[in-house]
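Q: How does the following fold in three dimensions:
(chains A, B, C and D)
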There are 2 protein chains.
Amino acid sequence: MPAAAKQKKGVRAAQKEARPKEIVEAALAIFARDGFAGSRLEDVADRVGISKGTIYLYFENKEELFKACVRETVGSHVKETMKMAATFDGPAPDLLREIVRRISARLTKPAYRTILLLLISEGQRFPELVTFYHSEIIGPGIEGLGGVIQRGVDRGEFRETGLSKFPMMLMSPVIASVIWNHLFGGNVEIDPAEALQAHLDTMLDGLRK
Amino acid sequence: MPAAAKQKKGVRAAQKEARPKEIVEAALAIFARDGFAGSRLEDVADRVGISKGTIYLYFENKEELFKACVRETVGSHVKETMKMAATFDGPAPDLLREIVRRISARLTKPAYRTILLLLISEGQRFPELVTFYHSEIIGPGIEGLGGVIQRGVDRGEFRETGLSKFPMMLMSPVIASVIWNHLFGGNVEIDPAEALQAHLDTMLDGLRK
DNA sequence: TTCTACTGACTTACTAGTCAGTCAGCAAGT
DNA sequence: ACTTGCTGACTGACTAGTAAGTCAGTAGAA
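A: Next up is the predicted model:
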C-alpha cells in the first residue's frame, strides 16, 4: 500500500492495521523467554500496552498466535537465494560459501533464532507448522545446496562424498552454534560467522595434511 | 550394593529404593512428549502406577524432578572416553573418529536425546542445570576433542585449521541430525551414524578435488 | 500390633478464553 | 467551525478448567 493511501486512513484504522504485527512481535519476545506453554497472553498484552481481550480480536487463540509468529518470521527468503545460485557463474566452492553464508545470516537473526528454538521445542505439538516449514524452507534449501554440490562434482571441482546425500549437514555448524549460544552464551560465546568460516574451510580442504 | 544385600531387604524397602528411578524414567517419557511446562505430574504417576502424592515423597517439586532426570541421564561418561584418548596410540584421524563416534553413540540414545532436546528448550529456566552440564560434559568434551586435534597437528597429521578454536563443531552434525529427526523424522529420517560418517570423511579429506 | 509407604480428595493458584460495557474518533448535520 | 450521535476497537472482570502441591487417612508388610 502506498504511503499516500495510508496517510488518508484515520488514526483508528491505522492502529487496527498495525495491531497484528505489534502483537506478533511482543509474542515472539514472550515466547522466546517463557516457551509456548509457559507464556501468559496477559504478558504479551502488557508488552504491547493493550488488554488481553484485544489479542482475541486479531487471533483466534494462543496456538494461532504462535503459528502467526512462525509464518511471519520465516518468510520466503529461500527463493531469492535459489535464484542467485541459478545465475551464479564462478567456481562451485565460492557459490557454496555464498549460499551457506546467506542462510547463516538469516538463521542468526534474533527473531529467526527464536523461531528456530521454538520449533525445536514445540514442533511436535504443531505438525502442520513443521510441514509448512519443511516445504517452505527446508525442502528448497536442501535442493539448492544439493544442486551446488552436484554442480561442483559435475565440473570436477568436488570429490564425490557422502555430503551429496546429506547436503543439509552443511548447515549443522550454524544450527549448533545458535543452540550453543542460546545455552552457554553466558560462559563462552561462539561467533557463528567465524565458526562457519572454520567449518567451511575444513569442509572444503580437509583437516588432514 | 551387592545382590545379596538387596535380597535381604523386605519387599517395601526394595520398592522404596526402586521408586526414584521408576519415577525419573516415567518423567523422562512424559517430559519428552509434552515438554516441561506442558507435562502433568499425574501423567507421570499414572505411568509408574502410583499416585501423584507419592512423587512428592521422593522429589521436592516438579523442578527438582526435572533436574534429577537430567543428572540421572547425563552421568559422567566423558571421563572414560578421555581415559581412552590418553592411552590411544594410533594415528590421530583414527582417534578422532573413535571419540566422535563414542560421543555420537551416547547422544543418539533415546533418553539422552530427550535430555538434549529438553535442555535446549528449557535450559534458560534452569541456569544451574546448564552450568552443571557445561562443567560435567561440555567442558571435558571440548578439552578432549581439542587435545586430539592438537596432537594431530603436533604430529604433522593435521593442518592448522580454524577447527582448533572450535573443536565442539565436530559434534555439530550429530546435534543437527538429532534435531532433524526430532522435527522432520516423519518426512525424511537421517541416520545419525551415516551422517556423521559422511561428515567425518569430508572433514578429514575435504570436499575439493 | 505397629509402622510407614502410599493414597486421593482437597486447597490454592493460575490462565485461556468470553462478553457486556466503555469511550475515542469519526462523519454528518447545522 | 462546532456540535452530536453513532460505531467499533478496546477493556477487564468474570467463568471454566487445569494442575501443582498438601495431608489426614489407609492398607499391608514387618
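Q: in terms of contact, does residue A:78 touch residue A:143 like I think?
A: No. Between residue A:78 and residue A:143 there is no contact under CB atoms under 8 Å: 9.2 Å. Yep, even glycine has a C-beta here, placed from its N, CA and C like the rest.
Q: tell me which parts of chain A are close to DNA strand C?
A: A:10-13, A:39-42, A:52-53, A:56, A:61-63 (CB under 7 Å from any atom of the strand).
Q: Turn these into JSON lines, columns for pLDDT and secondary structure.
A: Shown next, in JSON lines, are those (pLDDT from 0 to 100; DSSP: H, G, I helix; E, B strand; the rest coil):
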{"residue": "A:10", "pLDDT": "74", "secondary structure": "coil"}
{"residue": "A:11", "pLDDT": "76", "secondary structure": "helix"}
{"residue": "A:12", "pLDDT": "75", "secondary structure": "helix"}
{"residue": "A:13", "pLDDT": "81", "secondary structure": "helix"}
{"residue": "A:39", "pLDDT": "93", "secondary structure": "coil"}
{"residue": "A:40", "pLDDT": "93", "secondary structure": "coil"}
{"residue": "A:41", "pLDDT": "95", "secondary structure": "helix"}
{"residue": "A:42", "pLDDT": "93", "secondary structure": "helix"}
{"residue": "A:52", "pLDDT": "94", "secondary structure": "helix"}
{"residue": "A:53", "pLDDT": "93", "secondary structure": "helix"}
{"residue": "A:56", "pLDDT": "95", "secondary structure": "helix"}
{"residue": "A:61", "pLDDT": "94", "secondary structure": "coil"}
{"residue": "A:62", "pLDDT": "95", "secondary structure": "helix"}
{"residue": "A:63", "pLDDT": "93", "secondary structure": "helix"}
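Q: For those residues, pick the one with the most neighbours.
A: With neighbours taken as other CB atoms under 10 Å in any protein chain shown, the top of the residues of chain A next to DNA strand C is residue A:39, carrying 20 neighbours.
Q: got the contact list for it?
A: Contacts for residue A:39 (CB atoms under 8 Å, 6 or more residues apart in numbering or on different chains) come out as A:27, A:30, A:31, A:33, A:62.
Q: List the contacts of the first one.
A: What that stands for is residue A:27. Residue A:27 neighbours (CB under 8 Å, 6+ apart): A:39, A:44, A:65, A:66, A:68, A:69.
Q: Quick check on the fifth one: phi, psi?
A: Reported as degrees, to the nearest 10, the phi and psi values for residue A:68 are phi -60, psi -40.
Q: thought it was touching residue A:60?
A: No. Taking contacts as CB under 8 Å, residue A:68 lies outside contact range of residue A:60: 9.8 Å.
Q: Low-confidence regions, chain A specifically.
A: For chain A, applying pLDDT under 70 flags the ranges A:1-9, A:207, A:209.
Q: can you list the domain ranges for it.
A: Residue ranges for the domains of chain A, per automatic domain parsing: A:3-72, A:75-205.
Q: so how far is the shortest one off the chain centroid?
A: For domain A:3-72, the gap between its own C-alpha mean and the chain's C-alpha mean amounts to 20 Å (CA atoms, centre = their mean, to the nearest Å).
Q: Likewise for stretch A:176-190?
A: Distance, centroid of stretch A:176-190 to centroid of chain: 17 Å (CA atoms, centre = their mean).
Q: Now do the end-to-end distance for that stretch.
A: Counting by CA to CA, to the nearest Å, you get 10 Å between the two ends of stretch A:176-190.
Q: That stretch and chain B, are they touching?
A: Yes. Using CB under 8 Å from any CB of the partner chain, a contact is recorded between stretch A:176-190 and chain B, made by A:176, A:177, A:179, A:180, A:182, A:183, A:184, A:186, A:187, A:190.
Q: Cool, thanks, signing off.
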